[in-house]
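In: Whatever this is, show me its structure:
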Amino acid sequence: MTDPAPILDLIEAFRRSKTMFAAVALGIFDGERPKAAELDRLLEACASLGLLEKRGDAFVNTPVADEYLRRSSPHTLTGYILYSNTALYPMWGHLEDAVLEGSHRWRQTFGLEGGIFTHFFKTEEAKRDFLMGMHGFGMLSSPKVVAAHDLSRFHHLVDLGGATGHLALAARERYPNL
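Out: All right, here's what the predicted structure looks like:
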């Protein structure tokens, strides 16, 4: 019999993601501790995921949570996590329909005809949080994207729709001639 561990891991994966999504949404990594009947269970779950560490009766952020899950961190991913929780996660619940019909799930999930950006980013704070989350995500991925392509023969780079410019920064760092 083959090892079922990869399959079991995939079955359980959404629970781990949803635990982190809930903790970020509740501000747990920013030091907020809302009064809730099941808060201790959520804190224990975050500790089991390596996001919090229990010290006596208190929980503290692990280094990875402190760097990526605090809203005030320059490397925060919270905006992207919140977007994943409120927009992407619900739409993935309709993956079968998306595959069968070959279309997006905005209407089925949210009752929207058009794009979801205007729906989810109505406030400046929501836009900023998402942009900072994408920036944090881009700061992690852009160096890898740039490393996958030889840009040494080029002297100019245009990053259209580059948000905070993380891709252009990574390219300039790797290829100073740009």
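In: How is this protein partitioned into domains?
Out: Per automatic domain parsing, the domain ranges recorded for the chain read 1-70, 74-178.
In: lowest-confidence stretch among these?
Out: Across the domains of the chain, domain 74-178 has the smallest mean pLDDT, namely a mean of 88.
In: still on that earlier bit, can you redo the domains of the chain as JSON lines with mean neighbour count?
Out: From N, CA and C alone the C-beta is placed, and that goes for glycine too. Shown next, in JSON lines, are the domains of the chain (neighbours: other CB atoms under 10 Å):
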{"stretch": "domain 1-70", "mean neighbour count": "14"}
{"stretch": "domain 74-178", "mean neighbour count": "14"}
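In: show me where the chain has strands.
Out: Shown for the chain, the strands assigned by DSSP state E span residues 52-55, 58-61.
In: Take the ones you listed and write them to TSV, including distance to I116.
Out: Below are the strands of the chain laid out as TSV (distance: least, CB to CB, whole Å):
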stretch	distance to I116
strand 52-55	31
strand 58-61	31
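In: for this protein, longest helix please?
Out: Longest helix of the chain, by residue count under DSSP state H: helix 124-147.
In: what's that helix packed up against?
Out: For helix 124-147, the elements it packs on are helix 78-83, helix 166-174, judged by 3 or more CB pairs under 8 Å, 6 or more residues apart in numbering; DSSP states H and E.
In: do you know how far the spatially closest residue to A47 that is not a sequence neighbour is from T62?
Out: Leaving out its chain neighbours, the residue that sits closest to A47 by CB to CB, 6 or more residues apart in numbering is K54, at 5.4 Å. To T62, K54 is 11 Å away according to CB to CB, to the nearest Å.
In: Contact partners for F120?
Out: Counting by CB atoms under 8 Å, 6 or more residues apart in numbering, F120 touches 83, 86-87, 126, 130.
In: And those residues, which is closest to F110?
Out: Top of the list for closeness to F110, among the contacts of F120 and by CB to CB, is A87 at 8.1 Å.
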